[in-house]
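A.B. asks: sharing a sequence plus its predicted fold:
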Amino acid sequence: MTLVLVAHGTRDPAGAAVVEEIAALVRARLGGVDVRVAYADVRQPDVTSVLSAVEGPAVVVPAFLAAGYHVRVDIPAQVAASGHPDATITAPIGPALVPALLSRLTEAGWRPGDSVVLAAAGSSDARALADVRAVATALSRRVGPVTVGYAATATPHVSEVVARARGRVAVASWLLAPGLFHRAVAASGAAVVAAPIGAHLRVVEAVLLRYYEARCFQGVA
């Protein structure tokens, strides 16, 4: 059963390298399972072209941190356009990654007492923004009050939130890979800016969990 790992897509080669690294780590954990990379936007190959070349059942795992427009609309549309007769789309991996978010923030130099800002990409989908607020609530249980800012689309912008914060500011990057969004976060003026979550072990485990859940579901359907 093929696993198609779907990322947002970026023109930044470093972002694409992170996605390929995640896929390689998943591939190593799954042994002989075929693991392929596709992109929902910006980069090729897209989901349609990848699935069109897959024979047999496939599990499409969105490597997204929130269930925004790409997850709810673009990816299902691309799967449908492929004409693949047996493809299952899982939920995104974001909810399982708060420990990885905290890990990156700590690595960057967060200290107790810092004002913490959660920086997300932003979305026009209210449900995706609700997902981000839920992550901020979960993170606040470990680091104290957390304010949300966005790199694009939604408001307030992360730089505005950093400017209003008191004392030393640490930004937790709710982003999977380097690219345009993280460059905006890095330019926010905060004393500490965490790296994107990247090829963290928690990401690999979250992808594997989605794959196994879908495979079990297909096995009993």
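C.D. replies: Everything's here; your move.

A.B. asks: mean confidence score for the longest helix seen in the chain?
C.D. replies: If you go by DSSP state H, the chain has its longest helix at helix 201-220. Per-residue pLDDT over helix 201-220 has a mean of 87.

A.B. asks: show me which positions of it end up buried.
C.D. replies: Arg202, Val203, Val204, Glu205, Ala206, Val207, Leu208, Arg210, Tyr211, Ala214 (16 or more other C-beta atoms under 10 Å). Bear in mind the C-beta positions are built from the backbone N, C-alpha and C, glycine included.

A.B. asks: need the contact list for Glu160.
C.D. replies: Shown in contact with Glu160 (C-beta atoms under 8 Å, 6 or more residues apart in numbering): Gly149.

A.B. asks: list the buried residues in the helix or strand harbouring it.
C.D. replies: Following DSSP states H and E, the helix or strand that holds Glu160 is helix 158-164. Buried residues in helix 158-164, counting neighbours by 16+ other C-beta under 10 Å, are found at Val158, Ser159, Val161, Val162.

A.B. asks: which residue is the nearest non-sequential neighbour of the first one?
C.D. replies: So that's Val158. Gly149 (3.3 Å; C-beta to C-beta, 6 or more residues apart in numbering).

A.B. asks: how about low-confidence regions in the chain?
C.D. replies: Scanning the chain for pLDDT under 70 picks out 217-221.

A.B. asks: any idea how far apart the tips of stretch 46-55 sit?
C.D. replies: Start-to-end span of stretch 46-55 (C-alpha to C-alpha, to the nearest Å) is 17 Å.

A.B. asks: so that it lines up with my notes, have the first residue be 295 from now on.
C.D. replies: Got it, first residue is 295 now, which makes that one stretch 340-349.

A.B. asks: re the thing from before, following the helix holding Glu454, which helix or strand comes up?
C.D. replies: That would be, after helix 452-458 and using DSSP H and E, strand 463-468.

A.B. asks: beyond that next one, next helix or strand please.
C.D. replies: In the C-terminal direction, the helix or strand that comes right after strand 463-468 (DSSP H and E) is helix 474-480.

A.B. asks: that following helix - contacts with which helices or strands?
C.D. replies: If contacts are counted by 3 or more C-beta pairs under 8 Å, 6 or more residues apart in numbering; DSSP states H and E, helix 474-480 sits against helix 452-458, strand 463-468.

A.B. asks: centre of the chain to that helix, how far?
C.D. replies: 15 Å (C-alpha atoms, centre = their mean, to the nearest Å).

A.B. asks: now stretch 337-352
C.D. replies: Using C-alpha atoms, centre = their mean, the offset of stretch 337-352 from its chain centre is 20 Å.

A.B. asks: residues contacting it, please?
C.D. replies: 295-298, 300-301, 303-305, 310, 328, 330-334, 354, 369, 372-373, 375-378, 380-382, 512.

A.B. asks: look up phi and psi at the nearest residue to Pro439 once chain neighbours are set aside.
C.D. replies: Distances taken as C-beta to C-beta, 6+ apart put Val410 closest to Pro439, at 7.1 Å, once the chain neighbours are dropped. Torsion angles at Val410 (phi, psi; degrees, to the nearest 10) stand at phi -110, psi 130.
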